[in-house]
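Undergrad: Structure for the following, please:
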Amino acid sequence: MTTQSTSVSGKGEKDAIVEVYKGKTKYVTGKVSSNNSYSIKIVKQKKGTVLTVYLKDKAGNKSRGITVKVS
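TA: Below is the predicted model of the structure:
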């Protein structure tokens with residue numbers, strides 16, 4: 001992810017909720033589509049910003065976070 005990125009994307013279980021945190025604060029949420037992928041729009045971030053993405057399934061199980069640092 002770079003300072004020019006305007007989305008967070010990936011794959012997950014259909015209909016899972018995607019939560020993106022900026023530091024310890026929930027920044028934006030989205031949903032995994034029927035083709036098991038997601039793309040969530042974000043504003044451009046400053047270099048060094050840390051974003052963590054979690055997926056939560058229908059049963060409420062939350063994944064381990066995937067952390068990225070903006071470069």
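
Undergrad: who's sitting farthest from the centroid in this structure?
TA: Ranked by distance from the centre of the chain (CA atoms, centre = their mean), the top residue is residue 59, with 18.9 Å.

Undergrad: quick one: which helix or strand includes it?
TA: Counting by DSSP states H and E, no helix or strand carries residue 59.

Undergrad: any idea how far it is from residue 27?
TA: Per CB to CB, to the nearest Å, residue 59 is found 24 Å from residue 27. The way it works is simple: take the backbone N, C-alpha and C, and place the C-beta from them, glycine included.

Undergrad: contacting residues for the residue farthest from the centre of the chain?
TA: Applying CB atoms under 8 Å, 6 or more residues apart in numbering, we find residue 59 in contact with no residue.

Undergrad: That one and residue 22: what is the separation?
TA: Taking CB to CB, one finds residue 59 at 26 Å from residue 22.

Undergrad: now residue 8
TA: 11 Å.

Undergrad: what's the neighbour count on residue 50?
TA: Counted by other CB atoms under 10 Å, the residues lying close to residue 50 total 13.

Undergrad: okay, the nearest residue to it once chain neighbours are set aside: pLDDT?
TA: Spatial nearest neighbour of residue 50, excluding adjacent residues (CB to CB, 6 or more residues apart in numbering): residue 69 at 5.3 Å. Note on residue 69: pLDDT of 96.

Undergrad: Go ahead and confirm residue 1 touches residue 46.
TA: No - between residue 1 and residue 46 there is no contact under CB atoms under 8 Å: 11.6 Å.

Undergrad: Of these two, which one has the most company?
TA: residue 1 (14 against 7).

Undergrad: wait, what's in contact with the residue nearest to the more buried one when sequence neighbours are not counted?
TA: Leaving aside its sequence neighbours, residue 1 sits nearest to residue 68 (CB to CB, 6+ apart; 4.8 Å). Listed by CB under 8 Å, 6+ apart, the contact partners of residue 68 are 1, 50, 51, 52, 53.
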